[in-house]
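> my questions concern the predicted model and sequence given below.
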Amino acid sequence: MGTADKELILLTGATGYVGGRLLSVLQSQGARVRCLSRRPEALTQQADSPVEVVAGDVLNRGSLDAAMVGVDTAYYFVHSMGATKDFEAEDRIAATNFSQAATAAGVRRIIYLGGLGNPDQKLSKHLRSRQETGDILRAHHAQVIEFRASIVIGSGSLSFEMIRALVERLPVMICPRWVNVKAQPIAIEDLLKYLSAALKLPHGPSQVYEIGGPDQVSYGQIMQEYSRQRGLTRWMIPVPFLTPHLSSLWLGLVTPLYARVGRKLVDSLRNPTLLSNNLAATTFSIKPRSVQDAIARALVNEDREFAQTRWSDALSSGSAPQSWGGQRFGSRLVDSRTRKVKAAPEQAFAPIRRIGGRTGWYYGNWLWSIRGFLDLLAGGVGIRRGRRDQEEVRAGDTLDFWRVELYERPQRLRLQAEMKCPGRAWLEFEVTPSEEGSVIRQTAIFDPVGLLGILYWYSVYPLHQFVFEGMLRNISLAAEQGKPTVDIASPRVEPAPVTGNQIS
């Protein structure tokens, strides 16, 4: 079947967490996808060229007609939880507009993602609105496939990022009642499997599927499992009188959540979100993974996605300029800087591939030596390993107090620190061509473990301003001179040919 013969899929919410990941899945399957967005420009760079991006707003009924033309299945991933007005009223208007437009255009099926919760209990406004949205869609459209899910575990999801921030930053946690409420989490990969599998369901009546993993756990248990996998010890003190409002303010202080979304999220956590039937298990051949596996998978995926980041793109496209302490990407802290040099990429990369060993670190070698000595005292490998070859490196090589993780001549060198520190550290260099020669980007990356790791990063950050700026300046000079330079700002210290490792 050719591309033109495939059924057309309309995807809303492609700039969001679930929608963005589903877009990647659909693209990998070769599906014909049209994305509806209030800000089409935000999707143009994210989506591959075969994906069509159209402007439209679910709160504006007239803007939806053109987007629905020729569509067979429409995914509805819209909610107004971040709205400053009455989000329940906005959700009603949006769902009504969308379902009416889909019906008028002959769309055969709507797939919707809602929230788990027993409708016979007093649900939070957020969960009540999620389920009411499904009711409205069904009232105006022939077939609606609604999935109801609890906590979604995956790097970047709202719930997972809240858990991460609490565990990483608070050795002792004050826990309101909602921390002990039971839920049935689902991994983002398994959720995406359900959403894409729904495309193969036969056309027929509407259906609601409750989906979740095999474990019934509380937020507190999820936090304990996350802390175990990160090697942290956390104490949790129950405080039953902490209200949802106070909880949201508390979350706003220690997590990336802003108070408006935090309050609505916390309010919904007072409701148990457990499966009440096994209809999904009998309909789909999907076996969701456990909470333990979901968290492990999220951490692995985060490492993989982070390793693939090209900082020349990621930082230039960021909406906020780098602040004191660097920028935050997930759990990572990033300090990046650039310099333009009048040299071709191969020449600009030459001093980078020669770094360490007899060449040294281009600035503050005595500071690197002191850090290596402190690492030895702490039981680490120190700074004395040198390098295998002074002109060339390869992935896996030891390089003084680092190990080469990635080497792409003449473009990229990434080093991972092998030192005693409360977290994981990398130093990366990237060379890109420019009209006047090349641009050298130097990036220090730190994945702190716990509060000690965060304090470590910010305590050494002022020193980074001198050391890393000096390194980049002297690397740039060496690139333009066409040969390596010695440390201009400090006496040269020759490393002894034994073993070593580190980062400051």
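Okay, I see it.

> rest of the way, CA atoms for contacts and neighbours
OK.

> and the helix or strand where Ile352 lies, average pLDDT?
Using DSSP states H and E, Ile352 sits within helix 345-353. Per-residue pLDDT over helix 345-353 has a mean of 93.

> list the contacts of that helix.
By Cα atoms under 8 Å, 6 or more residues apart in numbering, the list of residues contacting helix 345-353 from outside reads 341, 391-393, 409-411, 413, 429, 431-433, 437-438, 440, 475-476, 478-480, 482-484.

> list the residues that contact Glu210.
Taking Cα under 8 Å, 6+ apart, we find Glu210 in contact with 116, 147-149, 275-280.

> what's the answer for Val291, then?
Neighbouring residues of Val291 by Cα under 8 Å, 6+ apart: 185-187, 213, 215, 222.

> okay, it: pLDDT?
With respect to pLDDT, Val291 scores 96.

> give me phi/psi at it?
For Val291, the backbone dihedrals (degrees, to the nearest 10) come out as phi -60, psi -40.

> and for Gln416?
Backbone geometry at Gln416, expressed as degrees, to the nearest 10, gives phi -110, psi 130.

> which residue sits closest to it, ignoring its sequence neighbours?
For Gln416, the nearest residue in space outside its immediate sequence neighbours is Trp426; the separation is 4.4 Å by Cα to Cα, 6 or more residues apart in numbering.

> what about that neighbour, helix or strand, and which?
Trp426 belongs to strand 423-434 when assigned by DSSP H and E.

> show me which positions of that strand end up buried.
Neighbour-count burial for strand 423-434, with 16 or more other Cα atoms under 10 Å as criterion, is recorded at 423-433.

> counting contacts, what elements does that strand pack onto?
helix 345-353, strand 412-417, strand 437-448 (3 or more Cα pairs under 8 Å, 6 or more residues apart in numbering; DSSP states H and E).

> tell me the buried residues in the following helix or strand past the last one?
The reference is to strand 437-448. Secondary structure here is assigned by DSSP H and E; on that basis, the next helix or strand after strand 437-448 toward the C-terminus is helix 450-481. By neighbour count on 16+ other Cα under 10 Å, the buried set for helix 450-481 is 450-454, 456-457, 461, 464, 467-480.

> just to revisit the earlier point, show the buried residues in the contacts of Val291.
Neighbour counting over the contacts of Val291 (16+ other Cα under 10 Å) leaves 185-187, 213, 215, 222 as the buried ones.

> could you list the low-confidence segments of the stretch 1-150 of the chain?
1-5, 42-49, 80-85 (pLDDT under 70).

> all helices of it, in order?
Taking DSSP state H, counting those that start in this stretch as the criterion, the stretch 1-150 of the chain carries its helices at 17-28, 40-44, 65-68, 87-104, 125-140.

> how about the ones you listed in a markdown table, adding distance to Gly360?
Shown next, in a markdown table, are these (distance: least, Cα to Cα, whole Å):
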| stretch | distance to Gly360 |
| --- | --- |
| helix 17-28 | 43 |
| helix 40-44 | 43 |
| helix 65-68 | 59 |
| helix 87-104 | 58 |
| helix 125-140 | 57 |
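
> from what I see, Gln216 and Ile186 are in contact.
No: because the distance of 10.5 Å does not satisfy Cα atoms under 8 Å, Gln216 is recorded as not touching Ile186.

> what's the neighbour count on Ser290?
A total of 18 residues lie near Ser290 under the criterion other Cα atoms under 10 Å.

> so it touches Gly212, yeah?
No: in this structure, Ser290 is not within contact of Gly212 by Cα under 8 Å, at 9.5 Å.

> quick check: neighbours shared by the two?
Residues touching both Ser290 and Gly212 by Cα under 8 Å, 6+ apart: Ile186.

> for the stretch 351-500 of the chain, which spans come out with low pLDDT?
Where the stretch 351-500 of the chain drops to pLDDT under 70, the residues are 380-385, 483-500.

> from Ala479, how far out is Glu346?
Taking Cα to Cα, to the nearest Å as the measure, Glu346 falls 9 Å from Ala479.

> ditto for Trp178
Here the criterion is Cα to Cα. By it, Trp178 lies 57 Å from Ala479.

> let me see the mean pLDDT of stretch 179-189.
Within the predicted structure, the mean pLDDT of stretch 179-189 is 92.

> so who does the residue nearest to Val78 when sequence neighbours are not counted touch?
Taking Cα to Cα, 6+ apart as the measure, Val78 lies nearest to Gly13, with 6.0 Å between them; neighbours along the chain are not counted. With contact set as Cα under 8 Å, 6+ apart, Gly13 has these partners: 19-20, 36-37, 76-78.
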